[in-house]
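Engineer: Can you look at this prediction? I've put the sequence above it.
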Amino acid sequence: MDRVSAHLPEAVAERYVDRAGGAWAVIHAQHLPKVAAFLKTDPELNFKLFGSVDAVDRLHLAENDPRFEVVYFLYSLTRKEHVRLKVRVTESNPVVPSLTPLYKGANWWERLAFDFYGIRFEGHPDLRRILLYEEFQGHPLRKDYAMRDRQPLIPERPIKDIFRGPGTSGHA
Amino acid sequence: MSEPSKPHAPQPEAPNPDTDAYAHESELETHLQTKRMYINMGPSHPAMHGTVRMRVELEGETIVKADPEIGFLHRGFQKSCENVTWTQCLPYTDRLNYNSAMMNNFGFLNAVEKLIGLEIPERAQYIRVIGSELHRMHDHLTCVGATGLELGGFAPFLLALEARELITDRVTELTGARLTTSYGRVGGLNRDLPTGWSEKVLKSLDKITELLVEVEGLLMRNRIFVDRMKGTGILSAEDAIDFGYTGPCLRASGVDYDVRKVKPYWVYDRLNFDVPVGEHGDNYDRYIMRLEEMRQSTSIIRQALQQMPAGPIIVDDWRIALPPKPEVYGTIEGVMSHFKLVMEGIQVPPGEVYDCTEASNGELGWYLVSDGRGRPYKVHVRAPGFPILSAVPHIIEGKMLADLIPTFDTINMIGGEVEQ
């Protein structure tokens, strides 16, 4: 991360090493492809193995503005360490530049984040839902999507008192 | 004068190119005519290992385009975890991969313990290694057996299942459940080893080694099997890294990456084992990787059973582990701790962690965010099968339809973890 901030000082907003020793940095959204490309191609860093992408909905956290945090997990086979790149986006405009042109593995993970959180990845070749069906309304992993909300494709049988798991009932 | 009306003569029907293969005369001349064809393999195709639909576009026997469609098993793993206490997540993690439930279980717990900053007792670390390696063999046996079965060998499948059943029996004795074990606890384990279990495991390992030799003998000398596996489903090391492959599939492409070696957790650094690495990245290499890893697992379990010390199997901290029953029934502190742990859950300090362990299919990563209360705020699982499946179109496009089956077998996609 030191090298990244030295090389691209304008891109890194915040750096941190957590209790377990994991290094992460918050990147300004527009600089994300540049930072990722640097991490991947720099011969000393060599972060070539694509881990995954996911988003955190920070709605109920104390520090919740902007609302979403998109987290990229990368791994370097030569340095043997993981690194996390975070991009913070607002609820009204959840757009992040896609890393699919850089990493082939980003394709499906970005579709997953889009499916569950509604984060749009600019430049993604095939951004559609991956686990849920096309007709699904909303994004179920957002914190304001009710736990027991149901959107069945075929009508459910009218059993009123069936236990539907933990969480709040009713619609969002 | 008009013609006298005649009864209607039957007209010859115009040839319909959709139903008549030789509708146009010129097609009789061509050698083997092909039309682009779409095939839906699955959901629930016998060769698809779970509920996956593969929409395949065929030109003759060649696959032009393949589009895996998943999501049939999706049950909201993350959302479920975020609405229950940390301990109550354990049954959900079991169900990510029924073949290696303990590995998912312990992997999750390892991440939680990192978040708390907790060191678990040595004996618990050894038992976790033993459980993980047993389930690694369990998973690989299923994969190898099913591969043999789908390429036409029924006997290897039965032998592999016999070996798998031995492991299942030992797992049942240890945990009380055949597949979904829920054996781990934050800070250690649910219970200690049953008496005489170690000897039974050693005997079972001998038998499994014998069975593996038989399976290998039947498959390696089978012409159909070898011809279908060698040189098919090739993925280069560069692509494998780019797609985020881990585990045996990555190592088959020649990249030496094993979490147990590069970032040893529990007691893996005290155990002596090798990590097999392939060179071609084809189906055959992926299959060989699994066979070799099972042998290494056998040796790991033997060493661990030998080295394992006596001692507690869970931390003695009533904020994390349930107090012993006499304390619960006899002291007010015991009752209070028990009650608070059950009702509110373990109070994990706020923060976040990414931690990974080597599951049977590769790096099983957990990204956990805690807001300081008894429930996880965010649980992200980096299932190894997900990137592996995403590369299947890349591997298979331009190859034959028959190559799809062994490729899909050897990548060993598990629906539960892929579809969360």
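Structural biologist: Perfect, thanks for sending it. Numbering: from 1, shown residues only, chains lettered A, B, ... in the order given.
Engineer: Next, report how far the top helix by length along chain A is displaced from the centre of its chain.
Structural biologist: For chain A, the helix that runs over the most residues, judged by DSSP state H, is helix A:106-117. On the basis of Cα atoms, centre = their mean, to the nearest Å, helix A:106-117 sits 7 Å off its chain's mean C-alpha point.
Engineer: Run through the residues that contact the residue in the stretch 201-350 of chain B that chain A sits nearest to.
Structural biologist: For the stretch 201-350 of chain B and chain A, the shortest gap (Cβ to the nearest Cβ) falls at B:Gly244, measuring 3.4 Å. (Glycine included, C-beta is placed from N, CA and C.) Counting by Cβ atoms under 8 Å, 6 or more residues apart in numbering or on different chains, B:Gly244 makes contact with A:Leu49, A:Phe50, A:Gly51, A:Ser52, A:Tyr103, A:Gly105, B:Pro387.
Engineer: wait, which of the residues you listed is closest to B:Tyr92?
Structural biologist: A:Ser52 (18.4 Å; Cβ to Cβ).
Engineer: what's the neighbour count on the residue lying closest to B:Arg191 once chain neighbours are set aside?
Structural biologist: Nearest residue to B:Arg191, sequence neighbours excluded (Cβ to Cβ, 6 or more residues apart in numbering or on different chains): B:Ile313, at 7.3 Å. Using other Cβ atoms under 10 Å in any protein chain shown, B:Ile313 is surrounded by 22 other residues.
Engineer: Please look at B:Ile313 and B:Arg185 and confirm they touch.
Structural biologist: No. With contact defined as Cβ atoms under 8 Å, B:Ile313 does not reach B:Arg185; the gap is 9.1 Å.
Engineer: where does chain B dip in pLDDT?
Structural biologist: B:1-13, B:15, B:17, B:21-34 (pLDDT under 70).
Engineer: should've said chain A
Structural biologist: Using pLDDT under 70, the flagged stretches of chain A are A:1-2, A:158-172.
Engineer: Please enumerate the helices of it.
Structural biologist: A:2-7, A:32-41, A:106-117.
Engineer: If you count neighbours, what's buried in the last one?
Structural biologist: What it means is helix A:106-117. A:Ala106, A:Asn107, A:Trp108, A:Trp109, A:Glu110, A:Arg111, A:Leu112, A:Ala113, A:Phe114, A:Asp115, A:Phe116, A:Tyr117 (16 or more other Cβ atoms under 10 Å in any protein chain shown).
Engineer: Kindly report the same for stretch A:73-82.
Structural biologist: In stretch A:73-82, counting by 16+ other Cβ under 10 Å, buried: A:Phe73, A:Leu74, A:Tyr75, A:Ser76, A:Leu77, A:Glu81, A:His82.
Engineer: Spatially, which residue comes closest to B:Gln88, not counting chain neighbours?
Structural biologist: With Cβ to Cβ, 6+ apart as the criterion, B:Gln88 has its nearest non-adjacent residue at 7.4 Å, and that residue is B:Gly345.
Engineer: The one you found and B:Arg375 touch, don't they?
Structural biologist: Yes. Counting by Cβ under 8 Å, B:Gly345 touches B:Arg375, with 6.2 Å between them.
Engineer: Spit out the residues that contact those two alike.
Structural biologist: B:Thr85, B:Trp86.
Engineer: if we take the contacts of B:Gly244, which one ends up nearest to B:Asn83?
Structural biologist: A:Ser52 (22.2 Å).
Engineer: Now for the closest one, how many residues are close by?
Structural biologist: Using other Cβ under 10 Å, A:Ser52 is surrounded by 26 other residues.
Engineer: before we move on, what about B:Glu61?
Structural biologist: Neighbours of B:Glu61 (other Cβ under 10 Å): 12.
Engineer: again, but for A:Tyr133
Structural biologist: By other Cβ under 10 Å, 11 other residues sit near A:Tyr133.
Engineer: wait, it sits on A:Leu153?
Structural biologist: Yes. Between A:Tyr133 and A:Leu153 there is a contact under Cβ under 8 Å: 6.5 Å.
Engineer: where exactly do the strands run in the chain?
Structural biologist: Going with chain A. For chain A, the strands defined by DSSP state E cover A:12-17, A:23-27, A:49-57, A:68-76, A:81-89, A:95-97, A:120-122.
Engineer: that's the wrong chain, I meant chain B
Structural biologist: Along chain B, counting by DSSP E, strands occupy B:36-41, B:53-59, B:62-69, B:184-185, B:188-189, B:351-359, B:362-370, B:376-382.
Engineer: Let me know which of those is the nearest to B:Cys81.
Structural biologist: strand B:376-382 (4.2 Å).
Engineer: So which elements touch that closest one?
Structural biologist: strand A:49-57, helix B:77-82, strand B:362-370 (3 or more Cβ pairs under 8 Å, 6 or more residues apart in numbering or on different chains; DSSP states H and E).
Engineer: Report all helices and strands that the biggest helix by length in chain B contacts.
Structural biologist: Longest helix of chain B, by residue count under DSSP H: helix B:122-150. The contact analysis (3+ Cβ pairs under 8 Å, 6+ apart) places helix B:122-150 against helix B:101-116, helix B:154-175, strand B:188-189, helix B:197-220, helix B:283-307, helix B:401-411.
Engineer: wait, which of these is closest to A:Leu8?
Structural biologist: helix B:101-116 (29.4 Å).
Engineer: for the closest one, packing partners?
Structural biologist: By 3+ Cβ pairs under 8 Å, 6+ apart, helix B:101-116 packs against helix B:90-94, helix B:122-150, strand B:184-185, strand B:351-359, strand B:362-370.
Engineer: With mean neighbour count added, can I get the ones you listed in a markdown table?
Structural biologist: Listed next are those as a markdown table, based on neighbours: other Cβ atoms under 10 Å in any protein chain shown:
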| stretch | mean neighbour count |
| --- | --- |
| helix B:90-94 | 23 |
| helix B:122-150 | 25 |
| strand B:184-185 | 26 |
| strand B:351-359 | 24 |
| strand B:362-370 | 25 |
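Engineer: one step back: now that we have the helices and strands packed on strand B:376-382, can you turn them into TSV and tack on distance to B:Pro349?
Structural biologist: Below are the helices and strands packed on strand B:376-382 laid out as TSV (distance: least, Cβ to Cβ, whole Å):
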stretch	distance to B:Pro349
strand A:49-57	17
helix B:77-82	17
strand B:362-370	7
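Engineer: how deep is B:Arg53 tucked in, by neighbour count?
Structural biologist: 18.
Engineer: my bad, B:Pro326
Structural biologist: 9.
Engineer: Name the nearest residue to it, ignoring sequence neighbours.
Structural biologist: B:Gly334 (8.0 Å).
Engineer: what do you get for B:Ser370?
Structural biologist: Closest to B:Ser370 by Cβ to Cβ, 6+ apart is B:Val348, at 4.3 Å.
Engineer: next one: B:Val259
Structural biologist: B:Glu358 (3.9 Å).
Engineer: what are the bridge partners for the one you found, then?
Structural biologist: Counting by DSSP bridges, B:Glu358 forms beta bridges with B:Glu363.
Engineer: Of the contacts of B:Gly244 - the most surrounded one?
Structural biologist: Most surrounded of the contacts of B:Gly244: other Cβ under 10 Å gives B:Pro387, at 31 neighbours.
Engineer: That one contacts A:Glu110, doesn't it?
Structural biologist: No. Counting by Cβ under 8 Å, B:Pro387 does not reach A:Glu110; the two are 12.0 Å apart.
Engineer: What residue in chain A comes nearest to chain B?
Structural biologist: Counting by Cβ to the nearest Cβ, chain A gets nearest chain B through A:Gly105, at 3.4 Å.
Engineer: got a list of what that residue touches?
Structural biologist: A:Gly105 is in contact with A:Phe50, B:Asp242, B:Phe243, B:Gly244, B:Pro387, B:Ser390, B:Ala391, counting by Cβ under 8 Å, 6+ apart.
Engineer: again, only this time at 10 Å
Structural biologist: A:49-53, A:99, B:239-245, B:386-388, B:390-391 (Cβ atoms under 10 Å, 6 or more residues apart in numbering or on different chains).
Engineer: Tell me which residues touch B:Pro376, please.
Structural biologist: Contacts of B:Pro376 (Cβ under 10 Å, 6+ apart): B:78, B:81-86, B:88-89, B:108, B:112, B:115, B:345, B:348, B:366, B:368-370.
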